[in-house]
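> Kindly return the folded structure for what I paste below:
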Amino acid sequence: MELNQENFQNNQLSEQDQNNFGVLINYGYISQDENGATQILFKIDSKANIVDKGLVVGLTQNGNLVDAYFLGSENMDKYNIKFNETHIIKDGKKYSYNELGINIQTEVGYIINKDDERLLELPEDAFKMFASVYGIQEEHNCVISVLEDKICACCLKGEEVLWVNPIDIGSNIFDANTRKIKVGNNTYDISNCYLRVCLKKIYLHVDVKNKSKILGKTNNPFYDY
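Just a heads-up that it's a prediction; the model follows:
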């Protein structure tokens, strides 16, 4: 499948990192010519032979579209998701495309909303596209550790420790003896917490009533700030 660079508009991009990489999340179309070749379009005219439409995620650099992946048809009933030209509709809630982001973990990636809630898991090929640029490489593993009475994100490659970053938990209080975090009137054991690797940050999460709550964050050392 080809990318139509002239058809691409860079005002659809999320913010770029300092390597000038960016993320595209938008509605698009698949066109097919008389020879059966297909390409991804973001705007169409009456001459285009459109064979499918739906969500497109892509990787950009310096405002140019480097790679893109067409996720599927306009209706994804098994996920209770629909796409139209302006919004994703999930469980009856609408999200505009500029509110969405990509969450990359060690082995899986997600499309998330501005509250960091998972809307859709990325297919393997789309995940690998983003993982090649963003986040921890597949052979690495990011785990929670406690060093010098502080909660840390620890990146491992096999038995080798690549780096350790303390997690900023803000006004929350961590007791290294009980291994619990006090957040207001609530207390969470770090054994129930997990890390999410996003584009520039690594977040400490805990699930509360089927919703993810952020307890702290640290910089992702795989980025140049």
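
> how close does the residue of the chain positioned farthest from its centre get to Lys43?
No residue in the chain sits farther from the centre than Glu34, which is 35.9 Å out by C-alpha atoms, centre = their mean. Going from Glu34 to Lys43 by C-beta to C-beta, to the nearest Å gives 21 Å. Every residue, glycine included, has its C-beta placed from N, CA and C.

> you'd agree Glu34 is in a helix?
No - per DSSP: H, G, I helix; E, B strand; the rest coil, Glu34 lies outside any helix segment and is coil.

> how much space between it and Lys47?
Applying C-beta to C-beta to Glu34 and Lys47 gives a distance of 12 Å.

> what's around the residue nearest to Gly170 when sequence neighbours are not counted, how many residues?
Excluding its sequence neighbours, the residue lying closest to Gly170 (C-beta to C-beta, 6 or more residues apart in numbering) is Gly216, at 6.8 Å. Applying other C-beta atoms under 10 Å, we find 21 residues neighbouring Gly216.

> List the contacts of Gly216.
Neighbouring residues of Gly216 by C-beta atoms under 8 Å, 6 or more residues apart in numbering: 151, 167-170, 172, 203-204.

> Check Leu120 too.
71, 76, 79, 81, 88, 90, 110-111.

> Could you tell me the model confidence score at it?
Reported pLDDT at Leu120 in the predicted model: 90.

> again, but for Thr218
pLDDT recorded at Thr218 is 89.

> what's the burial count for it?
For Thr218, the count of nearby residues is 19 (other C-beta under 10 Å).

> do you know how far it is from Pro166?
7 Å.

> Report the set of residues contacting both of those two.
Shared contacts of Thr218 and Pro166, counting by C-beta under 8 Å, 6+ apart, come down to Cys152.
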